[in-house]
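Asks: Here is a sequence with its predicted model. Questions after.
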Protein chains: 2
Amino acid sequence: MPGVGQSGPVTEQRSVAIWRDGAAVAVPADEPVLTASDQGLVRGDGVFESVAVVDGATPHLAAHLARMQRSAALLELDHPGDDVWRALADTVLDGWPAGTEGLLRLFLTRGPGDGAPPTALALLAPVPEETVRQRTSGVSVVSLSLGVPADLRAQAPWLLGGAKTLSYAVNMAAYRHAHRLGADDVVLTSLEGQLLEGPTSTVAWAAGGTLHTPPVETGILPGTTVARLFERAEETGWPTARTRGTVDDLHAADAVWLLSGVRGAAAVHTLDGVRRTDAGLTARVQELLAR
Amino acid sequence: MPGVGQSGPVTEQRSVAIWRDGAAVAVPADEPVLTASDQGLVRGDGVFESVAVVDGATPHLAAHLARMQRSAALLELDHPGDDVWRALADTVLDGWPAGTEGLLRLFLTRGPGDGAPPTALALLAPVPEETVRQRTSGVSVVSLSLGVPADLRAQAPWLLGGAKTLSYAVNMAAYRHAHRLGADDVVLTSLEGQLLEGPTSTVAWAAGGTLHTPPVETGILPGTTVARLFERAEETGWPTARTRGTVDDLHAADAVWLLSGVRGAAAVHTLDGVRRTDAGLTARVQELLAR
């Protein structure tokens, strides 16, 4: 078994903290923190958030914590309270170099079972270079069907629409499929061809002088970055709308972005192999997000 | 944060082994084995098998290892080779009391990333009492839609149909939904109402003198227990068929079972609130599985 289970290369600084006996405890990044019984491993049964760390701080943490509360409720997970996440975040941020842009992940799993409590931990790592590159240079995107009707998940709570769960194997498989097709990223669509979301991002587009994004009633995650963008756009007189769109709408749009907390607004420069422009709007969107 | 992160009660014997530097290493069950960066946690990105342990042995291990190879290939995961799994199984079985029926779980995750190898580990625990009770007394089942067309997953490899992944959050949510409805288990159906599978089992039914189960072309897992049952049924002159059925077919059947490696054949005594019998066939099915 070549390589499996051997120590991998440590190529970057990482910082980890876990909640133990009422306190956030820093642990070395290469030290195991999860038992084999933890339902986060056994069943992908838990929720998470990915939070941008800029200048050593987490300016948008509150929006992520609010969404984590909702995700936990959808999974009927005991939520530890936001103070736990703030303590975990403070612990991993302690000593983090201010000049290193970070990706902070917060995990809440159902724990090891048998009445044991949930597991809460934080992982802080540098933002990958490719993420920064895509923020600057945009992304090539393919559309892939998620296979479910757009209105089904709102009626079928067991499908966990709107919850940011640890069960992202399909999201990762969608990325691998896109990479095989020579693309960077994915727009998932409903069975009928309605726009849903990216595997780890929200879709937005500019058309007719308005910013659009799909409604959360389609079962997508409520994006924290799109919420911030739309609020600031409205303040500057740029109208926004929740719109049920299609891939054709994206082809016809003035600009298309994939929005996420860490990467920000990545302009879609190629969609299903067709090059497109952003009508010079990406700078304006990124400026609104940077405010 | 009441309880979260505190040590849970140790109510049962468990045995854990992990593959490290070319060898299976036994570790205490309450010792963490997975780092915070492991993609098994971060993304539910990995595959697993649940294997029955009877009289201290794993009589059906080979079928599970074959399926794990297929699952790993569908996820483009480096598979360590069956010898690794056999060594891990031997390690957790060493000292296991022969009189304790066991549930052996084998996990393969994508590892911590950055070019590090996959993580391979094994967890052995006693079979829960409720599982034994359901094998003896049967289960109450509700049908729930998975929301995807029956023929879609075969055409959309990124949806990972047929792969037994760690991303089981929806499977677990389906169980919680069933429990809220007063049921024990679930039959998932396609968007059109075709029978698929249980969250952790295969559906089979007897009708017209034949044993039926849905075809794997519907994107379901290829069940190891149904394969064994059908092979032995054929040997005794009981015909078998891969049949696209509906919940109505289950209502009209002579008997319905949920099949899985550890629980075996659990007779469905109630389906969507309607009581049903098994025409005395469960004993025959269980006898075939016990051969």
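Replies: Noted; the coordinates are in hand.

Asks: If you drop the residues flanking it in sequence, what lies closest to the residue nearest the centre of chain A?
Replies: The structure's chain A has its C-alpha centroid closest to A:T200; by C-alpha atoms, centre = their mean the separation is 4.2 Å. Leaving aside its sequence neighbours, A:T200 sits nearest to A:S260 (C-beta to C-beta, 6 or more residues apart in numbering or on different chains; 6.0 Å). Using the backbone N, CA and C atoms, a C-beta is placed for each residue, glycine as well.

Asks: before we move on, back to that, need the pLDDT of the residue nearest to the centre of chain A.
Replies: A:T200 is assigned 98 on the pLDDT scale.

Asks: Just list the residues touching it, thanks.
Replies: Applying C-beta atoms under 8 Å, 6 or more residues apart in numbering or on different chains to A:T200 gives the contacts A:S50, A:Y168, A:N171, A:S260.

Asks: so the first one sits right up against A:L103, yeah?
Replies: Which is A:S50. Yes. Look at A:S50 against A:L103 with C-beta atoms under 8 Å: they come within range, at 6.1 Å.

Asks: okay, and the common contacts of those two?
Replies: A:V262.

Asks: In contact with the residue nearest to A:T200: list those residues for me.
Replies: Taking C-beta under 8 Å, 6+ apart as the contact definition, A:S260 lies against A:S50, A:G198, A:T200, A:S201, A:T202, A:G223, A:T225, A:A266.

Asks: hmm, which of the contacts of A:T200 are the buried ones?
Replies: Burial by neighbour count, judged by 16 or more other C-beta atoms under 10 Å in any protein chain shown, picks out A:S50, A:Y168, A:N171, A:S260 from those.

Asks: among those residues, which are in helices?
Replies: For those, membership in helices holds for A:N171, with DSSP state H as the criterion.

Asks: What about the spatially closest residue to A:R110 that is not a sequence neighbour, how many residues nearby?
Replies: Closest residue to A:R110 in three dimensions, ignoring its sequence neighbours and counting by C-beta to C-beta, 6+ apart: A:Q39, at 3.8 Å. Taking other C-beta atoms under 10 Å in any protein chain shown as the neighbour definition, A:Q39 ends up with a count of 23.

Asks: try the one 4 residues further on
Replies: A count of neighbours around A:R43, defined by other C-beta under 10 Å, yields 25.

Asks: ditto for A:E231
Replies: Tallying neighbours of A:E231 according to other C-beta under 10 Å, which is how burial is gauged here, yields 11.

Asks: how much space between it and A:H212?
Replies: With the distance defined as C-beta to C-beta, to the nearest Å, A:E231 ends up 15 Å from A:H212.

Asks: closest to B:D30 among the contacts of A:T200?
Replies: For those, the minimum distance to B:D30 (C-beta to C-beta) is 27.1 Å, reached by A:Y168.

Asks: pLDDT at the closest one, what is it?
Replies: Looking at A:Y168, its pLDDT reads 98.

Asks: What of A:T11?
Replies: The pLDDT attached to A:T11 in the predicted structure is 44.

Asks: which ones are touching the nearest residue to A:P199 once chain neighbours are set aside?
Replies: If the residues on either side of it in the chain are set aside, A:P199 comes closest to A:N171, at 3.6 Å by C-beta to C-beta, 6+ apart. For A:N171, the residues meeting the contact criterion (C-beta under 8 Å, 6+ apart) are A:P199, A:T200, B:R43.

Asks: how many neighbours does A:V187 have?
Replies: Other residues near A:V187 number 24, with proximity taken as other C-beta under 10 Å.

Asks: same question, A:A227
Replies: The burial count for A:A227: 16, using other C-beta under 10 Å.

Asks: Can you tell me the SS state at it?
Replies: Reduced to three states with DSSP: H, G, I helix; E, B strand; the rest coil, the structure at A:A227 is helix.

Asks: so what's it closest to, chain neighbours aside?
Replies: Counting by C-beta to C-beta, 6+ apart, the nearest residue to A:A227 once its immediate chain neighbours are dropped is A:A63, at 6.8 Å.

Asks: Just the element for that neighbour, please.
Replies: When secondary structure is defined by DSSP states H and E, A:A63 falls within helix A:61-74.

Asks: And the contacts of A:N171, which is closest to A:D78?
Replies: B:R43 (22.5 Å).

Asks: Which residues are in contact with that closest one?
Replies: Each residue near B:R43 by C-beta under 8 Å, 6+ apart is listed here: A:L166, A:Y168, A:A169, A:N171, A:M172, B:R110, B:S167.

Asks: looking at it, A:W85 is touching A:A122, isn't it?
Replies: Yes. Contact status for A:W85 versus A:A122: in contact at 7.5 Å, counting by C-beta under 8 Å.

Asks: from what I can see A:E197 touches A:G219, true?
Replies: No. The pair A:E197 and A:G219 fails to qualify as a contact (C-beta under 8 Å) at a distance of 9.1 Å.

Asks: just so I have it, where are all the strands in chain A?
Replies: Read by DSSP state E, chain A holds these strands, from start to end of the chain: A:15-20, A:23-27, A:46-53, A:102-109, A:119-126, A:139-145, A:185-189, A:202-207, A:210-213, A:240-242, A:255-260, A:264-271, A:274-275.

Asks: Name the stretch among those that sits most buried.
Replies: Most buried of these by mean neighbour count (mean count of other C-beta atoms under 10 Å in any protein chain shown) is strand A:255-260; its value is a mean of 26.

Asks: Strand partners (parallel or antiparallel) of that strand?
Replies: strand A:202-207 (antiparallel), strand A:264-271 (antiparallel) (DSSP bridges).

Asks: Out of these, which is closest to A:A156?
Replies: Smallest distance to A:A156 across these (C-beta to C-beta): 21.6 Å, for strand A:202-207.

Asks: which residues are contacting the closest one?
Replies: Residues beyond strand A:202-207 that count as contacts (C-beta under 8 Å, 6+ apart) turn out to be A:187, A:195-197, A:211-214, A:220-221, A:223, A:225-226, A:229, A:245, A:249-250, A:252-260, A:265, A:279, A:281.

Asks: 7 Å - rerun?
Replies: Strand A:202-207 is contacted from outside by A:187, A:195, A:197, A:211-214, A:223, A:225-226, A:245, A:249-250, A:252-260, A:281, using C-beta atoms under 7 Å, 6 or more residues apart in numbering or on different chains.

Asks: what does stretch A:263-280 give?
Replies: Under the criterion C-beta under 7 Å, 6+ apart, residues A:131, A:134-135, A:138-143, A:225, A:247, A:250-251, A:254-259, A:282, A:285-286, A:289 lie in contact with stretch A:263-280.

Asks: now the nearest residue to A:T131 once chain neighbours are set aside: how far from B:A120?
Replies: Across the structure, with C-beta to C-beta, 6+ apart as the measure, the residue nearest A:T131 apart from its sequence neighbours is A:R263 (5.0 Å). When distance is defined by C-beta to C-beta, A:R263 is 32 Å away from B:A120.

Asks: circling back: chain B versus the residue nearest to A:A227, what's the distance?
Replies: Applying C-beta to the nearest C-beta, to the nearest Å, one obtains 21 Å for the distance of A:A63 from chain B.

Asks: Counting neighbours, what do you get for A:E31?
Replies: For A:E31, the neighbour count with other C-beta under 10 Å is 11.

Asks: Skipping adjacent residues, who's closest to it in space?
Replies: Beyond its immediate neighbours in the sequence, the residue positioned closest to A:E31 (C-beta to C-beta, 6+ apart) is B:T35, lying 6.9 Å away.

Asks: wait, the one you found sits on A:V27?
Replies: No. If you go by C-beta atoms under 7 Å, B:T35 and A:V27 don't touch, sitting 9.2 Å apart.

Asks: Could you pull out the residues contacting both of those two?
Replies: In terms of C-beta under 7 Å, 6+ apart, B:T35 and A:V27 are both contacted by the residues A:V33.

Asks: okay, now the residue in the stretch 51-200 of chain A that chain B sits nearest to: neighbour count?
Replies: Here the stretch 51-200 of chain A gets closest to chain B at one residue, A:A116, 2.2 Å apart by C-beta to the nearest C-beta. Residues near A:A116, counting by other C-beta under 10 Å, number 23.
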